[in-house]
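Visitor: What follows is a predicted protein model with its sequence.
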Number of protein chains: 2
Amino acid sequence: MKPFTSIRAQSVAAQGEQRLIAGIRRWLGRASPAAPFGIGDDCAVLPPSKRHQLVTTDPVIYGQHFDASVPARAVGAKLLKRNLSDIAAMGGRPVAAVVSLALGPNTSVRWLEQFYRGLAACALRHRVKIVGGDITQGPAGFFGAFLTLHGESTGRRVVARRGAREGDLIYVTGTLGGSLLGHHHQFTPRLAEGAWLAGRPEVRAMMDVSDGLAKDLGSLTPDRLAPALQAATIPISPAARRRAKATKRSPLHHALCDGEDYELLLVVRRGASAFEAVWRKRFPELKLSRLGQFVRAGRLPAGSLRLSGYHGYEHLR
Amino acid sequence: MKPFTSIRAQSVAAQGEQRLIAGIRRWLGRASPAAPFGIGDDCAVLPPSKRHQLVTTDPVIYGQHFDASVPARAVGAKLLKRNLSDIAAMGGRPVAAVVSLALGPNTSVRWLEQFYRGLAACALRHRVKIVGGDITQGPAGFFGAFLTLHGESTGRRVVARRGAREGDLIYVTGTLGGSLLGHHHQFTPRLAEGAWLAGRPEVRAMMDVSDGLAKDLGSLTPDRLAPALQAATIPISPAARRRAKATKRSPLHHALCDGEDYELLLVVRRGASAFEAVWRKRFPELKLSRLGQFVRAGRLPAGSLRLSGYHGYEHLR
């Protein structure tokens, strides 16, 4: 279903701002506390915290992050989950979010209700409070929701992207590729896994895979090092194989380039021999693949995957 | 100048994502710390704080909050100042911000540079760090920047909108109306004033005037009370009088309805006799007007302003 309606009586423009805000508070329900700790004051107020604070922001925009084939509730959940995945990638715990909407006057009130109900259900599941926001009119046919999520560290440290050293091992959770077939809105943010990994001293760096492994791995790679991966170790998803049949590209290409995997990509100190066994015991149902290791740039072993031939998702083209 | 260009080589689409992000970091300069405390990781990391945390979000969208007559640098500054005004209205101090952009592929790189330089200059002036963000493509001719600002309380309390009681006095800083003639992007957020007012126990409630006094005053008004104002006490700006000549409406109408005044509207306990004198000593250059007081609904004194005949800015029409 599209987010828009051609029947003016069913549009946000017909409803008006005051009734729309009242509706949003009703649709959010228990996910939205009362002012000043939530919607309705100049700022939301969050209690003091002794932990490191985490902040991330990601939107969903019609035509970019979803289309009419994605149910409105799933769009609302995806908006939060994209941001949850970033908190997971630092090993954090989510706390509260604000949502800024830019929407065409022809946006459907029914669609918007389902969007907010999906957002609220996801927020309750992850104990996130929706504490504020803004609504502004955009051009007809435009729908964008911009969420900023606040979290905090779960233990003593947050895991950054920097930190890899020569010889360190590269791992990824789950399988990669073909997210367009449904995974891009049906994924589960790896919050429990990220928090557990942040507590393991052998984990040196971490990020989530959102633009495709081929592109994202560059963010973990220090100057003068290069990732030495074997093609056979890349965990190709069944969806990547299905996509490959339609596009005539290789399943490997889709696994490396599609983006929106929302899996964790991590760097582990070489010689941390217990790591894989401890992972399997703690998360027996989630696959963890060792992809290779960081070597000195220019010294890639024969048979290594040439990532420069693959391009991840580019946001402006 | 419009934010868009018809020359593809000067557009963000020709530049591409990686170079654009590098440019943004350069344009932000000292306003943007390095990862993980700033741009470049999955989340920005802020240090722990013993104070109450404040969060607010407001965008600037082309055609809604600015047009081609506003310089790009002023648009960047306005984006931050709108949010600073919300922090001021709770008596807080700003700390850090994230910015999510949705922009058409025809957005001009030169315009965007000036936008970010204006944002950076404003951020440095107010000691705000720009710690993260996101860029997503939007439709051609669309430019929206969505900022979320984090702050903290300056003293023991934050001042909410609720709190007014019968007999309390209503004040406003500065003058009102006609913001379209320039004030909407040239205003100064009332941060020093807000922080000082939050430290005064006789101040019971506060907000900033963004949608016009006639509408915003409703947010300070408790159930069963009504604001009794005298028309003569409304501080009408020179710009409201100039606007009135062009629109054939009254200057009072513009002062009550125009919006984007970004002045502080506050409620003071009746009998706080020293308040006005102490204000004048602390802020001798900023006018403070006593507009009236809260009375029981249905008991408005004769001659009171009938606010129901005035409508503030409506965001969806």
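Guide: Sure, I can see it.
Visitor: The most centrally placed residue in chain A in helix, strand or coil?
Guide: The centroid of chain A falls nearest to A:Arg82 when counting by CA atoms, centre = their mean (2.9 Å). Here A:Arg82 is recorded as helix under DSSP: H, G, I helix; E, B strand; the rest coil.
Visitor: Please name the nearest non-neighbouring residue to it.
Guide: Leaving aside its chain neighbours, A:Arg82 sits nearest to A:Asp58 (4.3 Å; criterion: CB to CB, 6 or more residues apart in numbering or on different chains). Any C-beta I mention is one placed from the backbone N, CA and C, and that applies to glycine too.
Visitor: what's the answer for A:Lys2, then?
Guide: Leaving aside its chain neighbours, A:Lys2 sits nearest to A:Ala68 (4.5 Å; criterion: CB to CB, 6+ apart).
Visitor: where does the stretch 1-150 of chain A dip in pLDDT?
Guide: Under the criterion pLDDT under 70, no range of the stretch 1-150 of chain A is flagged.
Visitor: show me where it has strands.
Guide: A:44-46, A:53-61, A:92-103, A:129-137, A:143-153 (DSSP state E, counting those that start in this stretch).
Visitor: Return the most buried member of those.
Guide: Most buried of these, by mean neighbour count (mean count of other CB atoms under 10 Å in any protein chain shown): strand A:143-153, with a mean of 27.
Visitor: Look through the stretch 151-300 of chain A and state the residue closest to chain B.
Guide: A:Ala160 (4.2 Å; CB to the nearest CB).
Visitor: That residue: neighbouring residues, count only.
Guide: 22 (other CB atoms under 10 Å in any protein chain shown).
Visitor: Name all residues that make contact with it.
Guide: Residues near A:Ala160 by CB atoms under 8 Å, 6 or more residues apart in numbering or on different chains: A:Met90, A:Ala205, A:Met206, B:Ala35, B:Pro36, B:Asp41.
Visitor: cool, A:His183 as well?
Guide: Taking CB under 8 Å, 6+ apart, one finds A:Ser237, A:Ala239, A:Glu260, A:Asp261, A:Tyr262 in contact with A:His183.
Visitor: Give me the three-state assignment for the closest residue to A:Val70 other than its chain neighbours.
Guide: In this structure, A:Val70 finds its nearest non-sequential neighbour in A:His185, 5.4 Å apart by CB to CB, 6+ apart. A:His185 falls in the helix class when you classify it by three-state DSSP.
Visitor: So A:His185 is in contact with A:Phe66, correct?
Guide: Yes. With contacts counted by CB atoms under 8 Å, A:His185 reaches A:Phe66, the gap being 6.7 Å.
Visitor: what sits in contact with each of the two?
Guide: Shared contacts of A:His185 and A:Phe66 (CB under 8 Å, 6+ apart): A:Ala74, A:Val75, A:Lys78.
Visitor: excluding its backbone neighbours, what's nearest the first one?
Guide: Of all residues not flanking A:Ala74 in the chain, A:His185 sits nearest, at 4.5 Å (CB to CB, 6+ apart).
Visitor: Check the last one too.
Guide: If the residues on either side of it in the chain are set aside, A:Lys78 comes closest to A:His185, at 4.4 Å by CB to CB, 6+ apart.
Visitor: can you tell me how far the one you found sits from A:Pro235?
Guide: Per CB to CB, to the nearest Å, A:His185 is found 21 Å from A:Pro235.
Visitor: The two: which has the busier surroundings?
Guide: Using other CB under 10 Å, the more surrounded residue of A:His185 and A:Pro235 is A:His185, with 23 against 19.
Visitor: Quick check: that one vs B:Gly199, distance?
Guide: 48 Å.
Visitor: returning to that earlier point: could you identify the most distant pair in the contacts of A:Ala160?
Guide: Put simply, by CB to CB the two of the contacts of A:Ala160 set farthest apart are A:Met206 and B:Ala35, 13.1 Å from each other.
Visitor: Now the common contact residues for the two.
Guide: A:Ala160, A:Arg161.
Visitor: of these two, who's got more company?
Guide: The neighbour count for A:Met206 versus B:Ala35, taken as other CB under 10 Å, is higher for A:Met206 (28 against 19).
Visitor: Show the pLDDT at the residue lying closest to A:Gln293 once chain neighbours are set aside.
Guide: Excluding the flanking residues, the one nearest A:Gln293 by CB to CB, 6+ apart is A:Leu169, at 5.1 Å. Looking at A:Leu169, its pLDDT reads 98.
Visitor: check contacts around A:Leu169.
Guide: A:Val267, A:Val268, A:Arg269, A:Arg270, A:Ala272, A:Arg290, A:Gly292, A:Gln293.
Visitor: any chance you could read off phi and psi for A:Pro71?
Guide: Main-chain torsions, A:Pro71, degrees, to the nearest 10: phi -60, psi 140.
Visitor: count of residues packed around A:Ala68?
Guide: Count around A:Ala68 with other CB under 10 Å applied: 12.
Visitor: scratch that, A:Gly63 is what I was asking about
Guide: For A:Gly63, using other CB under 10 Å, the count is 14.
Visitor: ok, so what distance separates it from B:Ala102?
Guide: For A:Gly63 relative to B:Ala102 (CB to CB), the value is 11 Å.
Visitor: domains of chain A?
Guide: A:8-153, A:169-309 (automatic domain parsing).
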